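J.: After the sequence you'll find the predicted model.
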Amino acid sequence: MAEDIKNENGIHLTVADRRAVCNRHQYLQGSWNYERMQNGGWCYAMIPAIKKLYPKKEDQIEALKRHLEFYNTHPYMSAPVIGVTLAMEEERANGAPIDDQAIQGVKVGMMGPLAGVGDPLFWYTVRPILGALGASLALGGSIVGPLLFFIAWNIIRLAFLWYSQEFGYKVGTDISKDLSGGLLGRVTEGASILGMFIIGALVQKWVSISFTPVVSNVKLDSAAYIHWNKLPAGYKGIESAFDQYFNQGLSLTPTKTTTLQQNLDSLIPGLAALGLTLLVCKLLKKKVSPIVIILCLFGVGILGRVIGFM
Amino acid sequence: MNPISIVLVIIVAFLAGMEGILDEWEFHQPIVACTLIGLVCGHPTEGIILGGSLQFMALGWANIGAAVAPDAALASVASGIILMLALNGGTKDVTAAINTAIGAATALSVAGLFLTMICRTLAIPIVHGMDAAAEKGDFGAIDRLQIGAICMQGARIAIPAAALCFIPAQAVTGVLEAMPAWLSGGMTVGGGMVACVGYAMVINMMATKETWPFFVLGFVFATLKDLTLIALGLIGGCLAIIYLGLKELAKQGAGSTAGSGDPLGDILDDYE
């Protein structure tokens, strides 16, 4: 590649070096700790580059210490940050006056905004959509569901890790400016529109609440239901019953039973599920723990079944 | 469980534990972990169904910043094992067994949260070890410490999973059969509702004045039972593209005309 030979006199990171960093970068969160968060994983990822760029032992020690500073961002969005850092370290190794503060400054400056993009994009849009798609297939016991989730997710992830790291490496220190250019913002906005649409559909399809109380029992007109005792004998009887049920639309029972659920469904199916979801949204905003809500829902379910309401 | 299954289950649990912190390959997501547990125990279909149901619950569980979400790794691995033990013990009602496993998963996701917090605290001395290694320029030691930290996260799930494997299958089945109908029925009703918690977390993250109408559209479109999720995805994708395109157009339009952006309004303004 062209950028590998841009400065023939200095030390350069080859594609292989950058791939080695990219591979190690997947273990970024492995030593996540309450003190300096992702610092250990970050240093671990930088090691192939440090070995290559700094032949002298004391430079290596300096570099290792420099990259054990506090660091925390979204694990995938960290890829462009490490790309930029590689470019800066390379220039520094070749004599450019880049000090420790500049490198730490770029890391800290990029990690906040990028985490702000990565969390909604990956954790709240791509994963729920792929997860819901896979899960809806899996509920029928189909292996396609888990496979679809696993393969699609990892293709997206690996491609993103590599190409955004390369992008960061090429753009170098200008990357922060480019991110405010708007493309990323539009992608995030489009993703959240699609995400909200799909979530709306999922609430309809997969949140199930059914109220069993009977609202009314109406006695039907004599001509509106099947008179089982007046059917002809033998198979003719069955034939006639099916004919009356399917073709003439007669009721199977002499009374018409309406449950509360049927009344609600005639407004719009899934109304109770929608209401419940919005209620949970409110509760979560009030900092009620999701675990508490889940346990309460199980409690309500058991209570509802005991008193015959649900 | 036979010895080979136990070894394989522990390997799956180890992978899930690692991924619970790394968040890369997603072996800790219920749909993947439960499927793998089902495969290695010889009940793939039940594992996949459990994974699918749990995945709906876990849709919005994500590690944000320093906060830790309910632990999907322990929830999916342990509930998977409980289901397998019940099936091996000869339980008849598979649906009830799956629902009970989901209930157990909820409790376990809290237990897993504490284990995660312990591991993240234990990682502090590990990075102090890295500091010491950096002083000496010892690359190998840093590598070993990083790998050690990841293995600790794997063990976080593998050890409880191994312990669960040695509970006799009859004991699990016994507990399941002893459950009264109102309890398992109630769990089923509750299980139908809990999916909304995951959705609510996602909604809170993405909802703006602009995106709410799309939520309503999705909800209404889904009443048409013929539309599959893929069809709905296409509709949603098209809506997003159309909306962003129109918005872009509106921005350009607003830039080129100096007036109020409303020709009739301009005429009315000039009328006096």
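T.: Great, that's in hand.
J.: So what touches stretch A:57-67?
T.: For stretch A:57-67, contacts defined as C-beta atoms under 8 Å, 6 or more residues apart in numbering or on different chains pick out A:39, A:42-43, A:46-47, A:50-51, A:53-54, A:89, A:93, A:100, A:103-104, B:131, B:133-137, B:139, B:142. All C-beta atoms are positioned from the backbone trio N, CA, C, and that covers glycine.
J.: So residue A:309 sits against residue A:214, correct?
T.: No. Applying C-beta atoms under 8 Å, one finds residue A:309 not in contact with residue A:214, separated by 11.5 Å.
J.: More neighbours: the two, which one.
T.: residue A:309 (13 against 10; other C-beta atoms under 10 Å in any protein chain shown).
J.: Now do the same contact list for the residue nearest the centre of chain B.
T.: Closest to where the C-alpha atoms of chain B average out (C-alpha atoms, centre = their mean) is residue B:58, at 3.5 Å. Residues in contact with residue B:58 (C-beta under 8 Å, 6+ apart) are A:131, B:29, B:30, B:70, B:72, B:75, B:76, B:198.
J.: Any chance of TSV for those residues, columns distance to residue A:64 and pLDDT?
T.: Converted to TSV, these look like this (distance: C-beta to C-beta, whole Å; pLDDT from 0 to 100):
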residue	distance to residue A:64	pLDDT
A:131	38	90
B:29	34	94
B:30	38	94
B:70	36	75
B:72	34	89
B:75	37	89
B:76	37	93
B:198	41	73
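J.: picking that back up, quick one: which of the contacts of stretch A:57-67 sit in helices?
T.: A:39, A:42-43, A:46-47, A:50-51, A:53, A:89, A:93, A:100, A:103-104, B:131, B:133-136, B:139, B:142 (DSSP state H).
J.: which SS state does residue B:225 fall under?
T.: Secondary structure for residue B:225, judged by DSSP: H, G, I helix; E, B strand; the rest coil, is coil.
J.: what's the weakest-modelled helix or strand in chain A?
T.: Between all helices and strands in chain A, the lowest mean by mean pLDDT, DSSP states H and E belongs to helix A:175-179, at a mean of 47.
J.: So which residues make contact with stretch B:149-157?
T.: By C-beta under 8 Å, 6+ apart, stretch B:149-157 touches A:27, A:30-31, A:40, B:13-18, B:20-22, B:28, B:73-74, B:77, B:112, B:115-116, B:119, B:122-123, B:126.
J.: Go again with 7 Å.
T.: Contacts to stretch B:149-157, defined as C-beta atoms under 7 Å, 6 or more residues apart in numbering or on different chains, come from residues A:27, A:30-31, A:40, B:13-14, B:16-18, B:20-21, B:73-74, B:77, B:115, B:119, B:122-123, B:126.
J.: just the residues of the stretch 201-310 of chain A that are near chain B, which are they?
T.: Counting by C-beta under 7 Å from any C-beta of the partner chain, the residues of the stretch 201-310 of chain A lying close to chain B are A:201-209, A:268-270, A:273-274, A:276-277, A:280-281, A:284-285, A:290-291, A:293-295, A:297-298, A:300-302, A:304-306, A:310.
J.: contacting residues for the residue of the stretch 1-150 of chain A found nearest chain B?
T.: With C-beta to the nearest C-beta as the measure, residue A:138 is the residue of the stretch 1-150 of chain A nearest to chain B, at 3.0 Å. Neighbouring residues of residue A:138 by C-beta under 7 Å, 6+ apart: A:145, A:146, B:31, B:48, B:49, B:51, B:52.
J.: re earlier: toward the C-terminus from the least confident helix or strand of chain A, list the very next helix or strand.
T.: helix A:183-206 (DSSP states H and E).
J.: Can you give the contact residues for that next one?
T.: Helix A:183-206 is touched from outside by A:117, A:120-121, A:124-125, A:128-129, A:132, A:270, A:273-274, A:277, B:56, B:195-196, B:199, B:202-203, B:206-207, B:211, B:214-219, B:221-223, B:232-233, B:236-237, B:239-240, B:243-244, with contacts defined as C-beta under 7 Å, 6+ apart.
J.: Check which element follows it along the chain.
T.: Counting by DSSP H and E, what follows helix A:183-206 is strand A:214-219.
J.: Pull out the buried residues from whatever helix or strand comes next after that following strand.
T.: On the C-terminal side of strand A:214-219, the nearest following helix or strand under DSSP H and E is helix A:235-242. By 16 or more other C-beta atoms under 10 Å in any protein chain shown, the buried positions in helix A:235-242 come out as residue A:241.
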